[in-house]
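Q: predicted model follows, preceded by the sequence.
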Amino acid sequence: MDVESKGVAASVDGASNPPIPESASEILSTLHLDQRREERNISENELDAAIKHGERTEGFNSHGPAWVFSYGGITYVTDYEMTRGITSWVNPCWGFDLEKVPITLEMKAAHRNALERSQDHSSWNSHAVIVVDQSGSMRKTDATKAVTRSDLVWLCLAVDYVGKRLRSGEATSDDYLSLVELSGSNEYLLMQEPVDWILYNRIIDFLRHRHPTLPGNYLPAIDKAQHLLKVNSSGSCALQLIFLTDGAPSDFSGDQNSTKYEVCNRIASLASRFGSRLAVGGFAVGGAELSTLEAMIETAKEYNCTGFLMKASLRVEDLSSAFRSMSTLITETKTTMTDANTKRQRTYRDLFREPTRAVSVYNASDKEWKKYRNHPNQPTRVERTYFDKHEYCWIYPEKTFNSDKAVGIAVRDFIFGEGKERAVRRVREINNMGEFVGPLLVGKESLFIEDMNKDDAKCFHKNFCKTQQLSQRFASYFNKKLLMLPGVDSSKVPTINFLDCWVMLYNDEDGEKKGILVEKMLNPLQYRKWNTNAGHVHHRGASSGDVGTPSSFAVEDIPQAYSHYTYLASKRKFLVCDLQGVLNTSSSPPVFELTDPAIHYKEQTHRINFGRTDLGEEGIQKFLLTHKCSELCRMICKRWLDKPLEADYIQYERLGRYGSVTEDGTAHDKPDRAKARKCVRFAC
């Protein structure tokens, strides 16, 4: 029972936290394992004692009326004549308990305020919908210290998902949680409850009183979860849909293929609406049958949702760890949505998505293509522009389209990809007949409402154009050094190339000027990242001497060496990372075709802004902490000279304290011959 007390200093936002267990394992560590196992193996004598001494109530099962006996932590069900036992189980939370948090008057008031604020959907930071399996198999007593599977899930949900987030400040009363029961009834257990200590206590009530029973049907549970997630249409709310289950669904009488098909259709409907702000995950507790969960999560990932499947054993430590990982995911989503300047969560635009498998299908007659074309003797409806970094202005070339036959563009209604800032959709050039001509293209635009500028449709794209142009300039310097290395076959070794990009401006059906950044389409099935702007680095694999590289380094080392090179060649002012794209081996020579790089700029005074992905000195340090210099890194920075003072050496090869290459390719502090000879060393 909740306690009203002014003597306990505790708040809803976790600023001052009540004493709760550090983890669920702390609760179970006090139970004696052998004793628990013995107690949980229900004997005939205990069943007889339940009939003789237990509390008897009328009940029903699939065969009709029945008697339910409760005694000594055991529930025993018999037929109505008490001649045949039907089933038995250990009661919830038997043999241990989790204390509730005393609820103060201030906490109750804050909870009421949070419920009132919940009517303003734009105030929500996150909403997690958790489907908890309460089918009959969750009564098994094979978890840590012989507690039931159901007890283990409720315990970890309370302590490791809700309690820990409140203690750390990761969750506040502007985060919301809903619970759906996965069973024959599929009830709403909680609907949009603010995450606070009152919620923590309510989950403890479920731990103490919920009785797992009946089959577990996925489809009704997903329908209820879908309804809950769509309650808040505000694009500023991070979303989670989590399944906690220990077995296969019981829908369609165990026909897994039919269930799987229907489950994936429902998940596709959700994922196409919410995309990257929705995380869909599953906890397979105790070796559950995984095929339906796996299919559900893979479907979500096709629409750019975060998908994860955690195979948690029946050890409390494993399940606690899985819940903490789930907490981290929703925190990361909220961080991605937060504007670095205002510290407020940005609002996703209402965009619909198509799965990546559909990207290869092109039909010009599809209604999902919006077409914009220029007509003779009429005002220009479609025009092309690109940003010139040197002139620092937008240039409008004479040629608008890549194809000589093109008179306009077609823009796909659906997006098929999204990053932390931008959405990606298909774009094609069209001729007078509305047919597709020219190369496959993509168009990129902001994911967020706050970036939409009706007065200047080009404004959002400027930083991306600057970043890509500067990255390509340094790629040209890097490629020259790479191809000069001893043992490198210039006809086979992959070089670095960043795609050309430009902005297509067009008037939509309402006459509003729109701008979309356009570039060549890369194969989505081959698309990958070699490093990120947050410090993650894909470390090298085995060496690949069959593609023109010496045996001392691998093809995988080339993007990492390029990132490190930009830091040194810029006199440690900036670093280019977040390298992503495809390795095109069909071209001769092969080439890394890259797009959407990030630049971390170190300078604090007269600072150049490279957008929200520019993490400055912090981003540079994260890369350097995780980067492992390969032999290529050292070779790129080593001076391979026939004539130490030849022009190419002075212009391109000087690094470190003796000078650097600038953006226009010139070098400073021309070294004398003695210093040049000293420079023949490793610089990484």
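A: Perfect, thanks for sending it.
Q: residue ranges for the strands of the stretch 201-350 of the chain, please.
A: Applying DSSP state E, counting those that start in this stretch to the stretch 201-350 of the chain gives strands spanning 238-245, 278-285, 306-312.
Q: lowest average confidence across those strands, which one?
A: Of all those, strand 306-312 carries the lowest average pLDDT, namely a mean of 85.
Q: relative to it, what are the paired strands and their orientations?
A: Strand 306-312 pairs in its sheet with strand 278-285 (parallel), by DSSP bridges.
Q: ok, residue 390 - how many residues close by?
A: 8 (other Cβ atoms under 10 Å). For the C-beta atoms, the positions are set from N, CA and C on the backbone; glycine is no exception.
Q: if I look at it, how far off is residue 470?
A: To residue 470, residue 390 is 11 Å away according to Cβ to Cβ, to the nearest Å.
Q: spatially central residue for the protein, please.
A: For the chain, residue 306 is the residue whose C-alpha lies nearest the centre (Cα atoms, centre = their mean; 4.0 Å).
Q: wait, isn't it in contact with residue 280?
A: Yes: Residue 306 sits in contact with residue 280 when judged by Cβ atoms under 8 Å, with a separation of 7.3 Å.
Q: wasn't residue 424 part of a strand?
A: Yes: counting by DSSP: H, G, I helix; E, B strand; the rest coil, residue 424 is found in a strand.
Q: does it really touch residue 443, like I thought?
A: Yes: the pair residue 424 / residue 443 is scored as a contact, 7.3 Å apart, by Cβ under 8 Å.
Q: just to revisit the earlier point, columns distance to residue 83 on top of the strands of the stretch 201-350 of the chain, output as JSON lines?
A: Putting the strands of the stretch 201-350 of the chain into JSON lines (distance: least, Cβ to Cβ, whole Å) gives the following:
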{"stretch": "strand 238-245", "distance to residue 83": "35"}
{"stretch": "strand 278-285", "distance to residue 83": "36"}
{"stretch": "strand 306-312", "distance to residue 83": "41"}
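Q: which one of those strands is the most hemmed in?
A: strand 238-245 (a mean of 26; mean count of other Cβ atoms under 10 Å).
Q: ok, it: who's next to it in the sheet?
A: strand 126-133 (parallel), strand 278-285 (parallel).
Q: so for residue 329, which of those strands sits nearest?
A: Minimum separation from residue 329 across the strands paired with strand 238-245 (Cβ to Cβ) falls at strand 278-285, 5.2 Å.
Q: restricting to C-alpha, output that closest one in PDB.
A: What follows is strand 278-285, C-alpha atoms only, in PDB (Å, rounded to 0.1, in the frame of the first residue of the first chain):
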ATOM      1  CA  LEU A 278      10.500   3.600 -33.500                       C
ATOM      2  CA  ALA A 279      12.500   0.800 -31.900                       C
ATOM      3  CA  VAL A 280      11.000  -2.700 -32.200                       C
ATOM      4  CA  GLY A 281      12.500  -5.500 -30.100                       C
ATOM      5  CA  GLY A 282      12.000  -8.800 -28.600                       C
ATOM      6  CA  PHE A 283      13.200 -10.500 -25.400                       C
ATOM      7  CA  ALA A 284      13.300 -14.300 -26.000                       C
ATOM      8  CA  VAL A 285      13.100 -15.500 -22.400                       C
END
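Q: pull up the gap between residue 88 and residue 557, please.
A: Distance from residue 88 to residue 557, by Cβ to Cβ: 62 Å.
Q: count the neighbours of residue 76 for me.
A: 23.
Q: can you tell me the SS state at it?
A: strand.
Q: quick one: contacts for it?
A: Neighbour list for residue 76: 47, 50, 51, 54, 68, 69, 70, 85, 87, 88 [criterion: Cβ atoms under 8 Å, 6 or more residues apart in numbering].
Q: where does pLDDT dip in the stretch 151-300 of the chain?
A: Along the stretch 151-300 of the chain, segments meeting pLDDT under 70 span 251-255, 287-288.
Q: and the helices in it?
A: For the stretch 151-300 of the chain, applying DSSP state H, counting those that start in this stretch gives helices covering 164-168, 197-209, 218-230, 256-274, 291-302.
Q: in the shortest one, what's buried?
A: Spelled out, that is helix 164-168. By 16 or more other Cβ atoms under 10 Å, the buried positions in helix 164-168 come out as 164, 165, 166.
Q: nearest to residue 356, of those?
A: residue 165 (32.4 Å).
Q: check contacts around the closest one.
A: Counting by Cβ under 8 Å, 6+ apart, residue 165 has contacts 14, 171, 175, 195, 327.
Q: most neighbours among these, please name it.
A: Most surrounded of the contacts of residue 165: other Cβ under 10 Å gives residue 171, at 30 neighbours.
Q: roughly how far does it sit from residue 326?
A: 12 Å.
Q: kindly report the same for residue 67.
A: 41 Å.
Q: so between those two, which is more surrounded?
A: Remark: of residue 67 and residue 326, residue 326 carries more neighbours, 24 against 18, as counted by other Cβ under 10 Å.
Q: tell me how many other residues surround the nearest residue to residue 559 once chain neighbours are set aside.
A: Among residues not flanking residue 559 along the chain, residue 530 sits closest, at 3.8 Å (Cβ to Cβ, 6 or more residues apart in numbering). Per other Cβ under 10 Å, the neighbour tally for residue 530 reads 22.
Q: residue 530 touches residue 557, doesn't it?
A: No: contact criterion Cβ under 8 Å: residue 530 and residue 557 do not qualify, at 9.7 Å.
Q: need the residues touching each of these two.
A: Among the neighbours of residue 530, none is also in contact with residue 557 (Cβ under 8 Å, 6+ apart).
Q: what about residue 100, how many residues close to it?
A: When neighbours are counted by other Cβ under 10 Å, residue 100 comes out with 20.
Q: does it count as helix, strand or coil?
A: Per three-state DSSP, residue 100 ends up coil.
Q: isn't it right up against residue 204?
A: Yes: between residue 100 and residue 204 there is a contact under Cβ under 8 Å: 5.4 Å.
Q: quick check: neighbours of the host helix or strand of residue 65 in the sheet, parallel or antiparallel?
A: Using DSSP states H and E, residue 65 sits in strand 64-71. Paired neighbours of strand 64-71 in the sheet (DSSP bridges): strand 55-61 (antiparallel), strand 74-79 (antiparallel).
Q: list the contacts of it.
A: Counting by Cβ under 8 Å, 6+ apart, 46, 49-51, 53-60, 75-80, 82, 86, 91 sit against strand 64-71.
Q: tell me where the stretch 451-600 of the chain has helices.
A: Under DSSP H, counting those that start in this stretch, the stretch 451-600 of the chain gives helices at 462-483, 557-569.
Q: show me the contact partners of the first one.
A: In this structure, residues lying in contact with helix 462-483 by Cβ under 8 Å, 6+ apart are 386-387, 389, 422, 444, 488, 490, 493, 495-499, 501, 503, 517, 558, 561-562, 565-566, 569-570, 576, 594-599, 609-611, 636, 648, 652-653, 661, 663, 665.
Q: in strands only, show me the residues you listed.
A: 386-387, 422, 444, 495-498, 503, 517, 576, 594-595, 598-599 (DSSP state E).
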